[in-house]
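Student: What follows is a predicted structure for the sequence shown.
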Amino acid sequence: MTPSPERSELTAALRELKRRTGLSLTGLEERTPFSKSSWGRYLKGETLPPREAVRELCRLAGEPEGHCLALWELAESETRGRAAPAPAETPPQPSPQPSPALSPAPASEPVREDPAALPHKPTRHGSRRIAAVTAAVLTAALAAAVTAVLVLPGDPAPETPRAPTPPPVTPPVDPRCRDAACEARDPMNMRCGSGTRTLATHSTATGARLELRHNPRCGASWARMWSTEVGDRLEMTAAGPTHSAEVVDALDARNYLYTPMTTTDPGTVVRACFRPASKAPRECFEATVR
């Protein structure tokens, strides 16, 4: 018997799922409750698989089961329609035979055909039903995806505790001071934060992060810290006066905190020391301006 379009479409979908699993018939037998021979019949279209077999194959292929189950329901419905017995026909009653002289010419009887024995042809109604079920499944999947995007919150990106967001990268701008004019000035207010170089970094025992910075256009260096606690103090010196910054409140602790700048030339050694509020030992590090 010629397979129906519904059965053929389901069989093609199952074969594609098997291809994506990369499993042989033996592999399917080992991973599902169905035997190797049963899978062979299902994938050849010889037998309509159970609903659970379709779900198992979707699971192994990582495919949402909605579309394939819709195809299965159509195929199963069509199969049940074919299996319904045809109504019994009442045999014709014999009629009196007229005499040969009066018998008219025999009329040809139309040949009766069993509808169940004819090859199945899809009707316009059946095609519309397949399209309607497929469209409903796709609409439900799209609605679920949109709901997940609108309702479910996304996982927050991991970040270092209390680490501030770095300043945005911007093209170099003309600084407001150079060399000696930058001494003891704030590096951000003087536009020396653009085009800087990191001379050295250091992580303290308390979790604070430190950096020595230098801007060749300003001819000055400074130090900065973050992930700090209220009361932490950072000191920076470079062959001149010592400049320092202290965390005085929670706002300072959540952001970068800078020391004032000091004038530095290539070859100058810049040194920074961190004094934690916890009275832990002081930690120092240094770098050479290049």
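Tutor: Structure's in. What do you need?
Student: For A180, list the residues it contacts.
Tutor: Contact partners of A180, counting by Cβ atoms under 8 Å, 6 or more residues apart in numbering, are T263. C-betas here are computed from N, CA, C, even on glycine.
Student: all strands for this protein, in order.
Tutor: Applying DSSP state E to the chain gives strands spanning 197-203, 209-215, 220-226, 233-237, 243-246, 257-258, 262-263, 269-275, 283-288.
Student: end-to-end on stretch 243-253?
Tutor: One end of stretch 243-253 to the other measures 19 Å (Cα to Cα, to the nearest Å).
Student: let me fix that: stretch 274-282
Tutor: End-to-end span of stretch 274-282 (Cα to Cα): 6 Å.
Student: what comes up buried for it?
Tutor: 274-276 (16 or more other Cβ atoms under 10 Å).
Student: mind putting the residues you listed in TSV, distance to C68 and pLDDT included?
Tutor: Below are the buried residues of stretch 274-282 laid out as TSV (distance: Cβ to Cβ, whole Å; pLDDT from 0 to 100):
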residue	distance to C68	pLDDT
F274	63	96
R275	67	94
P276	63	96
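Student: Redo those residues as a markdown table? Include distance to T288.
Tutor: Shown next, in a markdown table, are the buried residues of stretch 274-282 (distance: Cβ to Cβ, whole Å):
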| residue | distance to T288 |
| --- | --- |
| F274 | 19 |
| R275 | 23 |
| P276 | 26 |
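Student: What is the nearest of the residues you listed to T196?
Tutor: F274 (19.9 Å; Cβ to Cβ).
Student: and that closest one, what is it in contact with?
Tutor: 202, 204, 208, 210, 225, 232-235, 282-284.
Student: Adding pLDDT and distance to T262, write those residues out as JSON lines.
Tutor: JSON lines is the format used below for these (pLDDT from 0 to 100; distance: Cβ to Cβ, whole Å):
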{"residue": "H202", "pLDDT": "95", "distance to T262": "18"}
{"residue": "T204", "pLDDT": "95", "distance to T262": "22"}
{"residue": "A208", "pLDDT": "94", "distance to T262": "21"}
{"residue": "L210", "pLDDT": "95", "distance to T262": "16"}
{"residue": "M225", "pLDDT": "93", "distance to T262": "16"}
{"residue": "D232", "pLDDT": "94", "distance to T262": "20"}
{"residue": "R233", "pLDDT": "94", "distance to T262": "17"}
{"residue": "L234", "pLDDT": "95", "distance to T262": "13"}
{"residue": "E235", "pLDDT": "95", "distance to T262": "11"}
{"residue": "R282", "pLDDT": "94", "distance to T262": "19"}
{"residue": "E283", "pLDDT": "95", "distance to T262": "20"}
{"residue": "C284", "pLDDT": "96", "distance to T262": "16"}
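Student: Reformat those residues as TSV; add distance to R41.
Tutor: Compiled in TSV, the contacts of F274 are given as follows (distance: Cβ to Cβ, whole Å):
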residue	distance to R41
H202	70
T204	70
A208	69
L210	71
M225	72
D232	74
R233	80
L234	76
E235	82
R282	80
E283	74
C284	79
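Student: Neighbour count says what about these? Which are buried?
Tutor: Judged by 16+ other Cβ under 10 Å, buried ones among those: 202, 204, 208, 210, 225, 232-235, 283.
Student: Taking those residues together, which two end up most distant?
Tutor: Across the buried ones among the contacts of F274 (Cβ to Cβ), the longest gap, 14.6 Å, separates H202 and R233.
Student: For stretch 20-35, measure first residue to last.
Tutor: Span of stretch 20-35 from end to end, Cα to Cα: 19 Å.
Student: same deal with stretch 59-69?
Tutor: 12 Å.
Student: next one: stretch 180-188
Tutor: Terminal residues of stretch 180-188 are spaced 16 Å apart (Cα to Cα).
Student: if we can go back for a sec, and the buried residues of stretch 274-282, which is closest to E73?
Tutor: P276 (69.1 Å).
Student: what about the residue nearest to that closest one when sequence neighbours are not counted, distance to R233?
Tutor: Closest residue in space to P276, ignoring its immediate chain neighbours: T206 at 4.8 Å, by Cβ to Cβ, 6 or more residues apart in numbering. Per Cβ to Cβ, to the nearest Å, T206 is found 12 Å from R233.
Student: Show me where the stretch 1-150 of the chain has its helices.
Tutor: Applying DSSP state H, counting those that start in this stretch to the stretch 1-150 of the chain gives helices spanning 5-21, 25-31, 36-44, 51-61, 66-83, 124-151.
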